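need coordinates for the below:
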Amino acid sequence: MAKKKRIARAIIRGHLEKVGSGIFEKYQEAITSLITGKQGVYALYRRQKLYYIGLASNLKGRIRHHLKDKHKGKWDWFSLYIIQKEDHIREVEALLVRIAEPEGNRQKGKLKRSSNLRNMLYREIKQIQNKERDDFFEQERSGQKRGRIRRRKGKVKARTRKTSERPLKGVFPKGKVLYAKYKGKEYKAWTNRTGRIRYQGRWYDSPSAAAQAIIEKGAVNGWRFWKYTDKEGNRVVLNGIRK
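Sure thing, here's the model as predicted:
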């Protein structure tokens with residue numbers, strides 16, 4: 001039996017848009033009969049330009065009030081939207097004020113339970129820039145090393161692990177940030193396209209070698225020690241890529 005599709009409940013249960021202030025004054029009874037006891041968000045306009053956004057648990061009283069208060073004479077059109085539940089009215093009003101920035105609203109809308117993502121974006125961009133910088137100098141060092149080896153023509157070989165022997169070679173073509181938690185502390189490392197892992201300015205050829213630099217004593221399985229962020233944004237154990 002097919003699962004019945006759930007229909008989301010509407011938030012806006014009625015609206016009245018671009019009504020002149022003169023009509024409201026002349027036909028108050030007709031208009032207020034439609035909104036008496038209703039709560040919602042309203043907007044005031046001056047010469048077709050948005051002037052003010054507000055909320056009210058009693059739309060009738062609030063709009064009548066604006067015909068006499070400090071906003072009197074500063075608006076000539078109004079729109080209103082009846083909201084089913086009062087739970088999110090303040091958030092809706094804050095969102096509209098922050099987006100539209102009306103002239104008549106002196107205070108910016110407050111999003112009390114919303115996290116500001118600017119600092120997180122700053123950290124993410126900084127990580128990307130650090131990785132780009134490290135990759136640039138790594139490629140430059142690799143080019144210089146290859147040039148020295150060619151000039152020496154088979155004398156002493158460079159003491160580096162072969163790229164083909166690095167287990168993460170080619171796994172993350174664009175590089176990846178690795179995460180780990182040890183004794184309640186968070187750690188980060190970066191792997192580049194050649195399979196090398198950088199932690200605190202030093203390079204390691206395998207996940208276990210990089211993990212060993214953190215725990216210092218005892219053996220550790222780096223594949224289970226490190227995690228990375230998958231396409232869905234979840235942190236998963238590095239060991240999963242070997243399955």
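
give the next helix or strand downstream of the lowest-mean-pLDDT helix or strand in the chain.
The helix or strand of the chain with the poorest confidence is helix 59-65; it has a mean of 69 (mean pLDDT, DSSP states H and E). Next helix or strand after helix 59-65 toward the C-terminus (DSSP states H and E): strand 77-83.

what packs against that next one?
strand 12-20, helix 21-26, strand 40-46, helix 59-65 (3 or more CB pairs under 8 Å, 6 or more residues apart in numbering; DSSP states H and E). For the C-beta atoms, the positions are set from N, CA and C on the backbone; glycine is no exception.

can you do 7 Å?
Strand 77-83 is packed against strand 12-20, helix 21-26, strand 40-46, with contacts defined by 3 or more CB pairs under 7 Å, 6 or more residues apart in numbering; DSSP states H and E.

that strand: partners in the sheet, and parallel or antiparallel?
strand 12-20 (antiparallel), strand 40-46 (antiparallel) (DSSP bridges).

how about CSV for those strands, with mean neighbour count, mean pLDDT and distance to residue 71 added?
Shown next, in CSV, are the strands paired with strand 77-83 (neighbours: other CB atoms under 10 Å; pLDDT from 0 to 100; distance: least, CB to CB, whole Å):
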stretch, mean neighbour count, mean pLDDT, distance to residue 71
strand 12-20, 13, 84, 15
strand 40-46, 22, 85, 7
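
for these, which one sits closest to residue 34?
strand 12-20 (7.2 Å; CB to CB).

and the closest one, C-alpha only, in PDB?
The C-alpha coordinates for strand 12-20 follow below in PDB (Å, rounded to 0.1, in the frame of the first residue of the first chain):
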ATOM      1  CA  ILE A  12      -0.400  32.300   5.600                       C
ATOM      2  CA  ARG A  13      -4.200  31.900   5.900                       C
ATOM      3  CA  GLY A  14      -5.300  35.200   4.300                       C
ATOM      4  CA  HIS A  15      -3.900  38.300   2.700                       C
ATOM      5  CA  LEU A  16      -5.000  41.800   1.600                       C
ATOM      6  CA  GLU A  17      -2.600  43.700  -0.500                       C
ATOM      7  CA  LYS A  18      -2.100  47.300  -1.600                       C
ATOM      8  CA  VAL A  19      -5.200  48.900  -0.100                       C
ATOM      9  CA  GLY A  20      -5.200  52.700   0.100                       C
END
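
distance between that strand and the chain's centre?
33 Å (CA atoms, centre = their mean, to the nearest Å).

got the domain boundaries for this protein?
Listed by automatic domain parsing, the domain ranges of the chain are 12-100, 164-243.

what's the longest helix in this protein?
helix 118-152 (DSSP state H).

under the pLDDT cut-off, which ranges of the chain? List them.
1-9, 56-60, 63, 85-89, 109, 111-116, 145-164, 243 (pLDDT under 70).

tell me how many other residues crowd residue 32.
17 (other CB atoms under 10 Å).

and it, how far is that from residue 54?
16 Å (CB to CB, to the nearest Å).

please apply the same query to residue 197.
For residue 197, the distance to residue 54 - CB to CB - is 56 Å.

of the two, who's got more company?
residue 197 (25 against 22).

so what sits opposite the more buried one in the bridge?
Assessed by DSSP bridges, residue 197 has beta-bridge partners residue 191, residue 204.

is it true that it touches residue 210?
Yes - between residue 197 and residue 210 a contact is recorded at 4.3 Å, counting by CB atoms under 7 Å.

out of the domains of the chain, which comes closest to residue 140?
The minimum distance between residue 140 and these falls on domain 164-243, with 13.0 Å, by CB to CB.

and the closest one, how far out from the chain middle?
For domain 164-243, the distance to the chain centre is 25 Å (CA atoms, centre = their mean).

and residue 31, that one's in a helix?
Yes - if the criterion is DSSP: H, G, I helix; E, B strand; the rest coil, then residue 31 is within a helix.
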